[in-house]
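Trainee: Sequence plus the predicted model coming up.
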Amino acid sequence: MMTTLQPVHLFDAGPQKETLRITSPDTLEMLQAFCRAVADKIGEGRSMMIYPHRVVRHYWGLELEGDKDTLPILLNITGRFKLPQFESNQWPARLIIDIADHIDAYWLAMLLAEILHLVVNIPSVLSTSFGDNTVCNIEDKKDELS
């Protein structure tokens, strides 16, 4: 997928929610083309898991799931926006997208969910490994500890 437009920010987001908008028609067109490529890969949208994490820098992890495939995406907070260059018939194991800030990361995730008809899931139970060493609020465990 070839992309030449590289804006710094994707969204104008002021202090009031009514100010939220995509920065330009060219940016909207680029994001729609990206969503079409993702839809071709994953098929009919099912869900999207969102989880922020730290790996050297700040990242947002997204895992998009459709009826055909899943697509892991890392949103790398770098101060600019840049889509990765790839051929839609040879997808990398994970897409790494440079993104301007956490505001753009959040609204890009919401835009993907809306356009691709994905149900947004956020982990509700903190765990280091699928049930091992569960991290929880000690107040919730008082009865078990007595």
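Mentor: Nice, I can see it. Worth saying up front: this structure is predicted, and the values here are computed from it rather than measured. Residues are numbered from 1 along each chain as shown.
Trainee: which ones are touching the nearest residue to residue 21 once chain neighbours are set aside?
Mentor: Excluding its sequence neighbours, the residue lying closest to residue 21 (CB to CB, 6 or more residues apart in numbering) is residue 12, at 5.2 Å. In short, each C-beta sits where N, CA and C put it, glycine included. Residues near residue 12 by CB atoms under 8 Å, 6 or more residues apart in numbering: 19, 20, 21, 22, 23.
Trainee: go again using 10 Å as the cut-off
Mentor: 19, 20, 21, 22, 23, 24, 103, 107 (CB atoms under 10 Å, 6 or more residues apart in numbering).
Trainee: so the second one touches residue 9, yeah?
Mentor: When you say that, I think you mean residue 20. No. Using CB atoms under 10 Å, residue 20 makes no contact with residue 9, being 11.9 Å away.
Trainee: neighbour count winner among the two?
Mentor: Taking neighbours as other CB atoms under 10 Å, residue 20 and residue 9 compare with residue 9 leading, 18 against 13.
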